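Participant: What shape does this take:
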Amino acid sequence: MAALTEEQTMLRDLAREWADNEVPVSAFRRVRDTAPPEGYDVAHWRAQAEMGFAGIIVPEAHGGAGMGYLSLGIVLEQLGRNLVATPLAATAAATSAILLGGSEAQQAHWLPRIATGEIVAALAVDEGPHFNPTRISTRVADGRLTGTKAFVAEGDSASLFVVAATDGVYLVPAGEGIMRARRRMTDARSHAEIRFDGAAAERLAGGGDGLLTAVTDRAAAAACAEMLGMAESAFQTVNDYLKTRVQFGQPLSTFQALQHRMAKLFTELELMRSVVEGALEAIDANRSDLSQTVSLAKAFAGDVMNLVSREAIQLHGGIGMTDDYDVGFVLKRSRVVEAMWGNAAWHRERFARLNGY
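Facilitator: Here you go, the predicted structure:
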């Protein structure tokens, strides 16, 4: 477990208290049922921005807190516990591109607006059904970008797109030349197909050839933090259920076979926390093995999230699949996040390749 500073502990407690009091899972149910065009509750996003969440990784010079990715992960974990529908992770991923590759002018223009929550940004990379940053066909000619991105998280409401093209990464403000088509996926969150047809684009000149890799690494680490929160919530929900559900005249928690399964999940969760926080710390320290550490975290977190979500359903019995129980939402959201920015198999292969195997 990472050693948190006093400020990070306060941030964690603030995020946890707000999530529990203001956005329990019932708030996600309302978002799913009402289907707002943004894919999230705008008032809740404003509240997150007012608490400083939108500006966690934005430097103080541009109106943010400059607290780094471990702090961002702490907040995403707490929001993930309650399945909060929020553009925070997507905006942070796009923000990382501006931080790593943006000019002083680009940073001065966009970062203060991101820190206040005025701007929802989205990272647009995937052009097919699976994450593959080596297969990009989106092109730019004379400052105009053309191409289609298949799955863009928070693409329904984004006012700024960070787009991977054949010759670099570009900033594309929402406007003419952009067409959005909502993709309805199992997690009931915002995903859109974005078609760029001669949209005005400005290249991020910094970061070199490794900019896209650095940005998607940070996006993957953020996804891991959300999965950690979801896995913890599912575990706690199942643990409470086993202690209260009586079968054959005694609580389910007294059956040794179920105790062994819960012990297995607890152990896996502790390991998951270790690798996820390790990846976030590696980003903050800009370590040379950052990519390996992120791939390790995404592969392990994906496997554990898959295990925990399946066990959560099974240990609830048949009722676990009904809409009355929250564990079904965890299963649906987890399957989407597991696939974002590379699934477990993709990152295992990458980890092996980066280590010379």
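
Participant: If you tally nearby residues, what's the number for Leu72?
Facilitator: 27 (other CB atoms under 10 Å). Glycine gets a C-beta too; all of them are placed from N, C-alpha and C.

Participant: State the distance from it to Leu99.
Facilitator: 12 Å (CB to CB, to the nearest Å).

Participant: Overlap in contacts, those two.
Facilitator: Listed as contacting both Leu72 and Leu99 by CB atoms under 8 Å, 6 or more residues apart in numbering are Ile57.

Participant: In the chain, where's the longest helix?
Facilitator: Criterion DSSP state H: the longest helix present in the chain is helix 211-244.

Participant: what ranges do the helices span in the stretch 201-350 of the chain?
Facilitator: Using DSSP state H, counting those that start in this stretch, the helices found in the stretch 201-350 of the chain span residues 211-244, 256-285, 290-315, 327-339, 344-354.

Participant: Which of the ones you listed sits closest to Ala49?
Facilitator: Smallest distance to Ala49 across the helices of the stretch 201-350 of the chain (CB to CB): 17.0 Å, for helix 211-244.

Participant: who does the closest one touch, helix- and strand-wise?
Facilitator: helix 69-81, helix 88-101, strand 121-124, strand 168-173, strand 250-251, helix 256-285, helix 290-315, helix 327-339 (3 or more CB pairs under 8 Å, 6 or more residues apart in numbering; DSSP states H and E).

Participant: Ala92: what's it in contact with?
Facilitator: Ile56, Ile57, Leu72, Arg218, Ala222.

Participant: one step back: got the helices of the stretch 201-350 of the chain as CSV, with mean neighbour count columns?
Facilitator: Shown next, in CSV, are the helices of the stretch 201-350 of the chain (neighbours: other CB atoms under 10 Å):
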stretch, mean neighbour count
helix 211-244, 23
helix 256-285, 17
helix 290-315, 23
helix 327-339, 22
helix 344-354, 17
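
Participant: Of all the helices and strands packed on helix 211-244, which one is nearest Leu354?
Facilitator: helix 290-315 (5.0 Å).

Participant: coming back round to it: I'd like the contacts of Ala92 laid out as CSV, including pLDDT and distance to Ala47.
Facilitator: Listed next are those as CSV, based on pLDDT from 0 to 100; distance: CB to CB, whole Å:
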residue, pLDDT, distance to Ala47
Ile56, 98, 15
Ile57, 98, 19
Leu72, 98, 17
Arg218, 98, 24
Ala222, 98, 20
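
Participant: Identify the farthest-apart pair in those residues.
Facilitator: Ile56 and Arg218 (12.4 Å).

Participant: which ones are touching the residue nearest to Asp303 when sequence neighbours are not counted?
Facilitator: Closest residue in space to Asp303, ignoring its immediate chain neighbours: Ala344 at 5.2 Å, by CB to CB, 6 or more residues apart in numbering. Ala344 is in contact with Lys298, Ala299, Phe300, Gly302, Asp303, Asn306, Glu338, counting by CB under 8 Å, 6+ apart.

Participant: Could I get the pLDDT score of Ala344?
Facilitator: For Ala344, the model assigns a pLDDT of 97.

Participant: So the residue nearest to Trp341 when sequence neighbours are not counted versus Ala97, what's the distance?
Facilitator: Closest residue to Trp341 apart from its sequence neighbours, by CB to CB, 6+ apart: Ala220 at 4.0 Å. Distance, Ala220 to Ala97, by CB to CB: 14 Å.

Participant: repeat for Gly55
Facilitator: Using CB to CB, one obtains 16 Å as the distance from Gly55 to Ala97.

Participant: Ile119 too?
Facilitator: Separation of Ile119 from Ala97 (CB to CB) stands at 13 Å.

Participant: So which of these two has more stuff around it?
Facilitator: Per other CB under 10 Å, whichever of Ile119 and Ala97 has more neighbours is Ala97, with 28 against 22.

Participant: which parts of stretch 108-119 are buried?
Facilitator: Neighbour-count burial for stretch 108-119, counted by 16 or more other CB atoms under 10 Å, picks out Trp110, Leu111, Pro112, Arg113, Ile114, Ala115, Thr116, Gly117, Ile119.
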